[in-house]
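Q: I would like to see how this sequence folds:
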Amino acid sequence: MSSLSNFIKRLRDIMRNDAGINGDAQRIEQIAWMLFLKVYDAKEEDWNIDEDGKYISIIPENCRWQNWAKDDHSGKAMTGDSLLDFVDNTLFPTLKKLEITPATPIKKMIVKTTFEDANNYMKDGVLLRQVINIIDEIDLGDYEESHAFGEIYESILRELQSAGSSGEFYTPRAVTDFMAKMIKPQIGETIADFACGTGGFLISWLRELEKQIETTGDQEAYDKSIYGIEKKQFPYMLCITNMLLHGIDVPRIYHDNSLLKDILDYTETDRFDVVLMNPPYGGSEKSEVKNHFPSDLASSETADLFMSVIIYRLRKNGRAAVILPDGFLFGTDNAKIAIKKKLFSEFNLHTVIRMPHSVFAPYTSITTNILFFDNTHPTEETWYYRLDMPDGYKNFSKTKPMKLEHFTPVIEWWDNRQELYVDGFDKAKKYTVKEIVDRTYNIDLCGFPHEEEEILPPKELIQQYQEKRASLNADIDRILAQITDILGIDLTEEDDK
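A: Numbers count the residues shown, from 1 in each chain. Model (predicted):
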């Protein structure tokens with residue numbers, strides 16, 4: 001490819017002139033389905049070689065990328081109205097209606113699930129041809145170019161952070177790499193992400209695990225080590241393409257909702273050695289979702305529900321690293337207390353990393369934390385470490401994102417833990433489980449000493465206020481109950497009078 005480094009800019013410049021593309025989110029979604037078909041076509045060529053020319057595609061011949069998208073510059077390639085008509089009235093309807101049976105291999109099934117809710121937004125067939133030609137220039141058969149394009153794809157995913165609500169699907173690479181590094185993957189282990197977005201945690205896991213591959217057996221275990229579920233079609237498509245680009249020919253990624261199964265029905269085969277996740281938070285699910293959880297764990301907050309899923313799907317001796325908002329730490333409503341009580345009494349929550357603000361900017365300014373725990377024994381003590389904003393940074397941003405090197409202080413502290421007291425405030429400290437229970441599982445400890453001046457969007461401001469109000473109300477109710485119990489007052493009798 002002549003200009004891999006300018007790949008995104010070239011596509012953007014063309015698509016800005018198309019009346020059907022409205023904003024970055026649609027532009028990225030448009031690029032995504034074409035990239036999927038291009039990458040899938042390259043994979044099919046490999047599979048055909050592996051099967052001695054006997055491979056049969058699930059995609060009808062006229063809809064395979066090589067048969068409609070490639071331009072041999074003879075003047076015969078479809079363009080203009082004929083190309084638009086083919087894409088809108090043949091390609092999409094065909095791929096959406098592919099016949100799938102329980103016997104269909106995953107690597108073929110993913111074509112239909114990828115296109116179930118995909119859209120072609122472009123309205124100018126000439127511009128569409130120009131975009132297709134640029135994408136087709138990528139030589140995925142060339143190892144170096146294919147590897148370089150994997151990095152380009154990462155930059156496409158990073159753009160999601162500034163593409164409106166699409167930012168919820170992307171966790172900064174520095175964060176996923178740090179969590180995978182500290183979780184220490186081992187050959188033979190399986191990892192799950194039950195809301196995997198574009199697959200960032202899975203890729204970081206694979207990068208760490210790849211260093212250990214020495215035999216063909218190791219390679220097979222590596223290929224089968226990942227499992228992901230993604231509810232929304234667009235990030236699902238991006239994730240599948242991401243896995244194919246990183247050499248996972250049979251990606252166990254499912255287009256589904258992890259919260260729509262009774263968590264008490266999970267068996268050993270549904271459990272995993274490792275869970276790495278950034279659960280959706282601040283969102284809402286249909287009220288019937290709560291029916292899949294025991295009454296004490298049936299929260300209205302999605303992050304709480306995912307924590308319950310993780311707890312029930314983490315294998316004995318398994319490990320987990322999960323990103324959660326401050327609301328989970330300080331929340332003392334009934335559901336949060338029940339979840340945290342279960343976490344401390346049945347699992348070992350050994351480390352909480354308080355992350356600086358703006359890690360997920362501009363998508364959200366809500367402060368987040370990483371909880372590291374394992375399924376080995378009940379918690380005896382929990383270490384906290386506050387990661388401060390690096391020198392020279394007031395905020396992270398698109399031009400100054402968080403980098404893995406910013407986690408260096410945590411990494412250096414991790415294996416040589418000691419309590420740290422800076423400027424009159426705890427920066428790193430160990431708490432016993434008794435201290436945490438005495439706080440009624442309010443685990444908002446070693447927080448940031450100075451309130452950052454930041455203006456939250458109205459929705460986040462209201463959400464944060466509601467969380468704090470619910471927590472304060474729960475604290476007031478608990479304290480009043482203790483006082484009335486000490487005084488021997490029965491308020492129900494008083495009310496009756």
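
Q: where in the stretch 301-450 of the chain is pLDDT low?
A: 450 (pLDDT under 70).

Q: and the closest residue in space to Lys96 that isn't next to it in sequence, how many neighbours does it have?
A: Distances taken as C-beta to C-beta, 6 or more residues apart in numbering put Phe115 closest to Lys96, at 5.3 Å, once the chain neighbours are dropped. To be clear about C-beta, it is placed using only N, CA and C from the backbone, and glycine gets the same treatment. Other residues near Phe115 number 22, with proximity taken as other C-beta atoms under 10 Å.

Q: With the one 3 residues further on instead?
A: Per other C-beta under 10 Å, the neighbour tally for Ala118 reads 18.

Q: what residues are up against it?
A: Listed by C-beta atoms under 8 Å, 6 or more residues apart in numbering, the contact partners of Ala118 are Glu29, Ala32, Trp33, Phe92, Lys96, Gln233, Phe234, Met237.

Q: one more time with 10 Å
A: Glu29, Gln30, Ala32, Trp33, Phe36, Phe92, Leu95, Lys96, Gln233, Phe234, Tyr236, Met237 (C-beta atoms under 10 Å, 6 or more residues apart in numbering).

Q: Look up how far Val433 lies from the fifth one.
A: Between Phe36 and Val433 the computed distance is 48 Å (C-beta to C-beta, to the nearest Å).

Q: Please say which of these two ends up with more neighbours.
A: Phe36 (23 against 16).

Q: and that one, what helix or strand is that in?
A: For Phe36, the element it lies in under DSSP states H and E is helix 24-50.

Q: What are the buried residues along the next helix or strand after that helix?
A: Downstream of helix 24-50, the next assigned helix or strand under DSSP H and E is helix 65-68. Going by neighbour count (16 or more other C-beta atoms under 10 Å), the buried part of helix 65-68 is Trp65, Trp68.

Q: tell me what helix 65-68 is packed against?
A: helix 24-50, helix 125-136 (3 or more C-beta pairs under 10 Å, 6 or more residues apart in numbering; DSSP states H and E).

Q: elements contacting the first one?
A: The one in question is helix 24-50. Using 3+ C-beta pairs under 10 Å, 6+ apart, helix 24-50 is in contact with helix 7-15, helix 65-68, helix 92-96, helix 106-115, helix 125-136, helix 143-158, helix 233-245.

Q: weakest of those by average pLDDT?
A: The stretch with the lowest mean pLDDT among the helices and strands packed on helix 24-50 is helix 143-158, at a mean of 81.

Q: pretty sure Ile462 is in a strand, no?
A: No: going by DSSP: H, G, I helix; E, B strand; the rest coil, the assignment for Ile462 is helix, not a strand.

Q: And it, what's its pLDDT?
A: 73.

Q: ok, it - how many residues close by?
A: Neighbour number of Ile462 under other C-beta under 10 Å is 11.

Q: any idea how far it is from Gly282?
A: 10 Å.

Q: cool, Asp223 as well?
A: Asp223 is 35 Å from Gly282, by C-beta to C-beta.

Q: what comes up buried for the top strand by length along the chain?
A: Counting by DSSP state E, the longest strand found in the chain is strand 314-325. Within strand 314-325, the residues scored as buried using 16+ other C-beta under 10 Å are Leu314, Arg315, Gly318, Arg319, Ala320, Ala321, Val322, Ile323, Leu324, Pro325.

Q: Tell me how far whichever helix or strand comes after it lies from the chain's centre.
A: Counting by DSSP H and E, the next helix or strand C-terminal to strand 314-325 is helix 326-330. In terms of C-alpha atoms, centre = their mean, to the nearest Å, the centre of helix 326-330 is found 20 Å from the chain centre.

Q: Nearest spatial neighbour of Ile253, chain-adjacent residues omitted?
A: The nearest residue in space to Ile253 (C-beta to C-beta, 6+ apart) is Gly228, at 4.4 Å.

Q: if we look at the helix or strand harbouring the one you found, which residues are touching it?
A: Taking DSSP H and E as the definition, Gly228 sits inside strand 226-230. With C-beta under 10 Å, 6+ apart as the test, strand 226-230 has contacts from 169, 190-199, 201-203, 205-206, 209, 236-240, 243, 246, 248, 251-259, 270, 272, 275, 309, 313.

Q: What is the burial count for Lys76?
A: Using other C-beta under 10 Å, Lys76 is surrounded by 8 other residues.

Q: Equivalent analysis for the one 3 residues further on, please.
A: The local packing of Thr79 (other C-beta under 10 Å) involves 18 other residues.
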